[in-house]
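Undergrad: Sequence plus the predicted model coming up.
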Amino acid sequence: MKIKPLSDRVVIKPSQAEEKTKGGIILPDTAKEKPVIGEIVAVGQGRKADDGKLIPLDLKVGDKVLYGKYSGTEVTIDGQEYLIMRESDIFAVV
């Protein structure tokens, strides 16, 4: 993948949606929940403060993160789906 996010944005590869329930029932595509956990595959340099200094991101490539169900912008690169979102849209590192 050759994508470099700008500023305080990160690129996330979402985890796969659950194929079946804990009881063993197979879920159709229409019933699957959107994943809220993913792995960071690229990070921007950080945001600039009002005084012009660069504030680096707390996240790094390889972190597994928890984010909002409808956060970010979905993009497809080389057949793989990714999310691009700001660092502030990420709730926690798992």
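TA: Perfect, I can see it now.

Undergrad: in the chain, which residue is closest to the centre?
TA: With the centre of the chain defined as its mean C-alpha position, the nearest residue by CA atoms, centre = their mean is Ile12, 3.0 Å away.

Undergrad: ok, it touching Tyr67?
TA: Yes. Counting by CB atoms under 8 Å, Ile12 touches Tyr67, with 6.9 Å between them. Bear in mind the C-beta positions are built from the backbone N, C-alpha and C, glycine included.

Undergrad: Spell out which residues are contacts of both of these two.
TA: Counting by CB atoms under 8 Å, 6 or more residues apart in numbering, the contacts common to Ile12 and Tyr67 are Gly38, Leu83, Met85.

Undergrad: Which one (most neighbours) among these?
TA: Gly38 (23 neighbours; other CB atoms under 10 Å).

Undergrad: What's opposite that one in the beta bridge?
TA: Counting by DSSP bridges, Gly38 is bridged to Pro14, Val65.

Undergrad: Touching, it and Ile12? I think so.
TA: Yes. The pair Gly38 and Ile12 passes the contact test of CB under 8 Å, sitting 4.1 Å apart.

Undergrad: joint contacts of these two?
TA: With CB under 8 Å, 6+ apart as the test, Gly38 and Ile12 both reach Val65, Tyr67, Leu83.

Undergrad: Just the buried positions in the strand or helix carrying the last one, please.
TA: Using DSSP states H and E, Leu83 sits in strand 80-86. Taking 16 or more other CB atoms under 10 Å as the basis for neighbour counts, the residues of strand 80-86 that come out buried are Tyr82, Leu83, Ile84, Met85, Arg86.

Undergrad: now do stretch 37-49
TA: Of the residues in stretch 37-49, those buried under the neighbour-count criterion (16+ other CB under 10 Å) are Gly38, Ile40, Val41, Ala42, Val43, Gly44, Arg47.

Undergrad: pLDDT averaged over that stretch - what is it?
TA: For stretch 37-49, the per-residue pLDDT values average out at 92.
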